[in-house]
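Asks: Here is a sequence together with a model predicted from it:
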Amino acid sequence: MSNHLIAPHGGTLVNLQIADDQAAELKAASRDWPSWDLTPRQLCDLELLMNGGFSPLTGFMGRADYESVCSSMRLSGQSAQSGQSGQSGQSGSPASPGSSGRGGLLWPIPVVLDLPEEIARPLHPGERLALRDPEGVMLASLVVDEVWEPDREAEAKAVYGTSSPDHPGVDHLLNRTNPFYVGGRVEGFQPPAHYDFKTVRLTPAEVRAEFRRMGWQRVVAFQTRNPMHRAHVELTLRAAKQLEANLLIHPSVGMTKPGDVDHYTRVRCYEAVLQSYPMHTATLSLLPLAMRMAGPREAVWHAIIRKNHGCTHFIVGRDHAGPGSDKAGTPFYGPYDAQALLREHQDELGVGMVPFQQMVYVEDRDEYMPDDEVPADARVLNISGTDLRRRLNEGREIPGWFTYPDVVTELRRSYPPRHQQGFTVFFTGLSGSGKSTIANVLLSKFLEVGGRPVTLLDGDIVRKHLSSELGFSKEHRDINIRRIGFVASEITKNGGIAICAPIAPYDSVRQEVRQFIEPVGGFILVHTATPIEVCEERDRKGLYAKARAGIIKEFTGISDPYEAPADADVVIETTKLSPEEAAQQVILHLEREGYVAS
């Protein structure tokens, strides 16, 4: 049958899955290979390399491609990968520019394998590295081509246009990326396992097969990392009608911006809004993409990926793939910078850019319109993401003009009102500051009211039952607090109340715990700000005296620092309050925030 779909980027849809017999042979030999357990981002990248979503790439970039992409948004064609075309399985017409070779082909985002020094330095060209998932299952091998130490700050400035850690992509690159990069060809054994939404987790080849089956040739793709509401449906309907095209709703379900709605909730929302489109005109497929939030460059990247899935057009809205603003309120990208960059390259790419202004609801017309078409005297209604979260937290009405009842139902299932959510009360303070006493009073108060399970994670109890093998070095203290944070996050996620009362002297690990817990429920940091001389007077165990005599080493406040929190939600001065009064102060704060009914 004739194939009228757009050709993949570079002319060939790459398939890095090797034959079963070859895979079995390599697996048998892999016991002698070095091994690496992939990070969540690397898992996403590997999956899109293996299934052709990143065509024409045939592995993680070597240095020449990496540097060329950073500096000019183009592949160099000089790496060892450039001679590897992969397996086609897809022929298309016409071939894209550069299909005869990769050199100079448009590609805006580095796709690299970052490794720690102890793994990367011993690797040699031609050697194989086993790539495994977090459970140790070998998914692929990397035939090593080269190892180098990149200038990640220069990469940040080139790719993101900034080196500010306020940018989540830059923060990940500078603070959560390993220092060495390893380039080479990938040989795929099996794709990463997914057990959710299997019917809509389609590879590029499967999406293309669906398009052919349905007779779709002109297809516009819509990228999203948020739930879809009426404005999104109106936008995509307009785009499809203007182009006389079909619609692929293609949400990213890999890593997105921290704090985003989880993909399980989002996919249920997408399935609900599909009913709003005319029959046989729209379909849904999930994209396991780890977003970089790189704004304009990412918009071009998204268009390339959708081209590989068979789409001819791509919708780019306001601040596409942008992370918003820095702490000073300055946007990282202009609202239509992404449209401008993709418009500059759309003819070369062969994917039409569909620009859209923000869609707003015009009350007197009872319809959505692009904001640049709204009459000057019209009353416009809008609900921001912040306002939506507040309405969900407070159990307030979400109007029908904003979204669909089925979407509201799904959001409320995952994000109930705050008084039904779990939360963590995390005490921090010096030994003897009163943390445990207040925590026990608070425990009794919550149990007296009832309605939610309550768990007390006191510092001494945790040390006995969860961290008995740990000492009191900074490294071990941080491990202990991370364990407490993990347990508290699981309690919170499941609707319970966790009361934590460790010393937790270091700010950085307290911030980590906050980041564990806030996406799944409430987090209230309580500082028992008791002066050290008062703590020493209260010391029934004589610990401070032993610390001052040098008998106890690394004792917080004496021989080890205590970093008082600047972000405490509640500060308690126990010299002025009884334990009952202090506990009541915490409860009043929880009432104000909506976590307990007043």
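Replies: Received it, and whenever you're ready, just let me know what you need.
Asks: end to end, how far does stretch 207-220 reach?
Replies: End-to-end distance of stretch 207-220: 13 Å, with CA to CA, to the nearest Å as the criterion.
Asks: Let me see the residues that make contact with it.
Replies: Stretch 207-220 is contacted from outside by 1, 3-5, 13, 90, 202, 236, 239-240, 243-248, 280, 283, 285, 309-315, 354, using CB atoms under 8 Å, 6 or more residues apart in numbering. All C-beta atoms are positioned from the backbone trio N, CA, C, and that covers glycine.
Asks: Which ones among these lie within strands?
Replies: Asn246, Leu247, Leu248, Thr283, His313, Phe314, Ile315, Val354 (DSSP state E).
Asks: Helices of the stretch 151-300 of the chain, start to end?
Replies: Counting by DSSP state H, counting those that start in this stretch, the stretch 151-300 of the chain has helices at residues 152-160, 168-175, 204-214, 230-243, 263-273, 296-308.
Asks: related to what we said a few turns ago, widest-spaced pair of the ones in strands among the contacts of stretch 207-220?
Replies: Greatest spacing in the ones in strands among the contacts of stretch 207-220, by CB to CB: Thr283 and Val354 (17.4 Å).
Asks: Tell me which of the two has more neighbours.
Replies: For Thr283 versus Val354, neighbours defined as other CB atoms under 10 Å are more numerous around Val354 (24 against 20).
Asks: who touches the residue nearest to Leu447 when sequence neighbours are not counted in this structure?
Replies: Computed as CB to CB, 6 or more residues apart in numbering, the closest residue to Leu447 that is not its neighbour in sequence is Val454, at 5.7 Å. Applying CB under 8 Å, 6+ apart to Val454 gives the contacts Leu443, Phe446, Leu447, Gly496, Ile497, Ile499.
Asks: Pretty sure Ala498 sits in a strand.
Replies: Yes - counting by DSSP: H, G, I helix; E, B strand; the rest coil, Ala498 falls inside a strand.
Asks: Help me confirm that it comes into contact with Arg452.
Replies: No - contact criterion CB atoms under 8 Å: Ala498 and Arg452 do not qualify, at 10.6 Å.
Asks: re the thing from before, which of the helices of the stretch 151-300 of the chain sits closest to Arg379?
Replies: helix 230-243 (16.1 Å).
Asks: same for the closest one, what does it pack against?
Replies: strand 219-222, strand 246-249, strand 313-316, strand 352-355, strand 359-362, strand 367-370 (3 or more CB pairs under 8 Å, 6 or more residues apart in numbering; DSSP states H and E).
Asks: of all those, which lies closest to Asn480?
Replies: strand 246-249 (44.6 Å).
Asks: returning to what we had before: switch the helices of the stretch 151-300 of the chain over to JSON lines; also include mean neighbour count, mean pLDDT and distance to Ser468.
Replies: Shown next, in JSON lines, are those (neighbours: other CB atoms under 10 Å; pLDDT from 0 to 100; distance: least, CB to CB, whole Å):
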{"stretch": "helix 152-160", "mean neighbour count": "18", "mean pLDDT": "98", "distance to Ser468": "39"}
{"stretch": "helix 168-175", "mean neighbour count": "19", "mean pLDDT": "96", "distance to Ser468": "31"}
{"stretch": "helix 204-214", "mean neighbour count": "18", "mean pLDDT": "97", "distance to Ser468": "50"}
{"stretch": "helix 230-243", "mean neighbour count": "19", "mean pLDDT": "95", "distance to Ser468": "52"}
{"stretch": "helix 263-273", "mean neighbour count": "20", "mean pLDDT": "96", "distance to Ser468": "36"}
{"stretch": "helix 296-308", "mean neighbour count": "26", "mean pLDDT": "98", "distance to Ser468": "47"}
